[in-house]
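Peer 1: predicted coordinates and the sequence they were generated for:
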Amino acid sequence: MILTLTLNPSLDRTIEVSSLDRGTVIRAAAARLDPGGKGVNVSRALLANDVASCAVVPYGGDEGRRLIGLLSAEGLDMVTVPVRGATRSNVTLAEPDGTITKINEPGTALSAAELDTIAEAVLSAAHSADWVVASGSLPPEVPPDVYARLCERFSSAGIHVAVDTSGPALLAALAAGPALVKPNREELAEATGMPITRMGEAVEAAEKLRAAGARAVLASLGADGAILVTDGAVRYGECGVDEPRSTVGAGDAMLAGFLAAGASGERALVEALAWAAAAVGLPGSRMPHPCDIHRDRVLLRPFDPSMPLGATTL
Ligand SMILES: Nc1ncnc2c1ncn2[C@@H]1O[C@H](COP(=O)(O)OP(=O)(O)O)[C@@H](O)[C@H]1O
Ligand SMILES: O=P(O)(O)OC[C@H]1O[C@](O)(COP(=O)(O)O)[C@@H](O)[C@@H]1O
């Protein structure tokens, strides 16, 4: 079983606009609402593919109740923790050429007592977990070492921990020795202070994260695919998408596919790339079902350090 923790979940509103003209009234062509947050999406993708998962989800206010309603309607196995502050809403503005602009709210602070209750919920749900996934940004005032402390606790109990976050929370988590981290290109650059313009730099940055404590690094590189850097091996692959619809949630689908396939080696990388590409072909942050996933489209290639990486995509 894969347990996910999302300290800062969201309602994800995707609004399709014909163009983005600042300072004008923009009439949207369409809009959709999805449940969101990184760990929540990992659990949704696992559920869609019949892989056992449970999501720990703090929620508050009308938005929080709506979130839980949407997740219940999907049939997600959850441990919900009521908190005082309202759950945030994140907005994606999607243009016809595939450009997306994301506005992520900070979320509302969690008190020390609320954090303790959430930690207890994670600890009691983790008894049957093989993996704990700590994913997404931290709400305001949450100590940056919160994922690091979880990581220490679970690693000593023999439960693998995967971390997908950014900024100080990622740096603190590295020092606690997570089994896996899943940075995107921006997070790799931010965590290492390196510009990432070529594949060789992405691998070098991933090795720095390993030197800082992560055992394996699955670094997602937008349309350029992903690298898996582990002890003694660098693997690279990509997967084309016929008609990209939305990259929101692609990284979460990638992490879910990787864990579902056993979290190591080529097979897990193929699965990760196939699930991520499938998510890119779906609107909003819809998670792929088996019928959306095409493993035969994944190409694993020898890694070429001089390969230039395309423009950063969100
Ligand atoms: N435009 C795209 N075309 C094909 N695959 C994509 C595209 N954008 C993202 N992906 C796939 O989704 C994965 C995750 O996307 P990325 O933007 O790197 O991460 P995140 O969603 O976490 O920011 C990529 O590694 C890649 O496999
Ligand atoms: O916690 P953060 O970093 O603000 O990200 C939250 C957002 O990321 C998502 O989980 C999507 O993540 P990815 O595009 O990285 O897979 C959205 O559902 C959510 O709105």
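Peer 2: Received, thanks. Ligands and ions are numbered 1, 2, ... in the order given.

Peer 1: what number of residues lie near the closest residue to residue 260 other than its chain neighbours?
Peer 2: Excluding its sequence neighbours, the residue lying closest to residue 260 (Cβ to Cβ, 6 or more residues apart in numbering) is residue 51, at 4.6 Å. For every residue, glycine as well, the C-beta is placed using N, CA and C. Neighbours of residue 51 under the rule other Cβ atoms under 10 Å: 16.

Peer 1: buried residues in stretch 155-166, which are they?
Peer 2: 155, 159, 160, 161, 162, 163, 164, 165, 166 (16 or more other Cβ atoms under 10 Å).

Peer 1: what helix or strand does residue 56 sit in?
Peer 2: Per DSSP states H and E, residue 56 falls inside strand 53-59.

Peer 1: which residues does stretch 282-293 contact?
Peer 2: With contacts defined as Cβ atoms under 8 Å, 6 or more residues apart in numbering, stretch 282-293 is touched by 12, 14, 32-36, 41, 44-45, 47-49, 92, 245-246, 248-249, 252-253, 256-257, 274-275, 278-279, 281.

Peer 1: ok, then the element right after the host helix or strand of residue 147?
Peer 2: For residue 147, the element it lies in under DSSP H and E is helix 146-156. Once helix 146-156 ends, the next helix or strand along the chain (criterion: DSSP H and E) is strand 160-164.

Peer 1: which PyMOL command selects the buried ones in the contacts of stretch 282-293?
Peer 2: Those of the contacts of stretch 282-293 that count as buried under 16+ other Cβ under 10 Å are selected in PyMOL with:
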select buried, resi 12+14+32+34+35+36+41+44+45+47+48+49+92+245+246+248+249+252+253+256+257+274+275+278+279+281
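
Peer 1: grab the nearest non-local neighbour of residue 231.
Peer 2: residue 215 (7.4 Å).

Peer 1: who's in contact with that neighbour?
Peer 2: Per Cβ under 8 Å, 6+ apart, neighbours of residue 215: 177, 178, 179, 180, 230, 231.

Peer 1: from the buried residues of stretch 155-166, which single one is nearest residue 84?
Peer 2: Comparing these against residue 84 with Cβ to Cβ places residue 165 closest, at 23.0 Å.

Peer 1: please state the offset of the strand holding residue 56 from the chain centre?
Peer 2: Strand 53-59 sits 14 Å away from the centroid of its parent chain (Cα atoms, centre = their mean, to the nearest Å).

Peer 1: what about that strand and ligand 2, any contact?
Peer 2: No - interface with ligand 2: strand 53-59 contributes nothing (Cβ under 6 Å from any ligand atom), its closest point being 12.1 Å away.

Peer 1: export that strand to CSV, keeping only CA atoms.
Peer 2: C-alpha atoms of strand 53-59 as CSV (Å, rounded to 0.1, in the frame of the first residue of the first chain):
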residue,chain,number,x,y,z
SER,A,53,-3.3,3.7,-1.8
CYS,A,54,-4.6,5.9,1.0
ALA,A,55,-4.4,9.7,1.1
VAL,A,56,-4.1,11.7,4.3
VAL,A,57,-5.9,15.0,3.6
PRO,A,58,-6.3,17.9,5.9
TYR,A,59,-9.3,20.1,4.9
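
Peer 1: can you report how many residues neighbour the residue nearest to residue 1 when sequence neighbours are not counted?
Peer 2: Using Cβ to Cβ, 6+ apart and skipping the chain neighbours, the partner closest in space to residue 1 is residue 52 (4.5 Å). If you count neighbours by other Cβ under 10 Å, residue 52 ends up with 15.

Peer 1: quick one on the thing from earlier: just the ones of the contacts of stretch 282-293 in helices?
Peer 2: Judged by DSSP state H, the subset of these located in helices is 41, 44-45, 47-48, 252-253, 256-257, 274-275, 278-279.

Peer 1: for ligand 2, give me its nearest residue in this structure.
Peer 2: residue 36 (2.8 Å; Cβ to the nearest ligand atom).

Peer 1: contacting residues for residue 114?
Peer 2: By Cβ under 8 Å, 6+ apart, the contact set of residue 114 is 58, 81, 83, 84.

Peer 1: that one falls within a helix, correct?
Peer 2: Yes - counting by DSSP: H, G, I helix; E, B strand; the rest coil, one finds residue 114 located in a helix.

Peer 1: helices along the stretch 151-300 of the chain, start to end?
Peer 2: Applying DSSP state H, counting those that start in this stretch to the stretch 151-300 of the chain gives helices spanning 167-175, 185-192, 199-211, 250-260, 265-280.

Peer 1: and those helices: which comes nearest residue 76?
Peer 2: helix 250-260 (12.7 Å).

Peer 1: quick one, the closest one and strand 53-59 angle?
Peer 2: Orientation of helix 250-260 against strand 53-59 (axes from the mean of the first three to the mean of the last three Cα atoms, to 10 degrees) gives an angle of 140 degrees.
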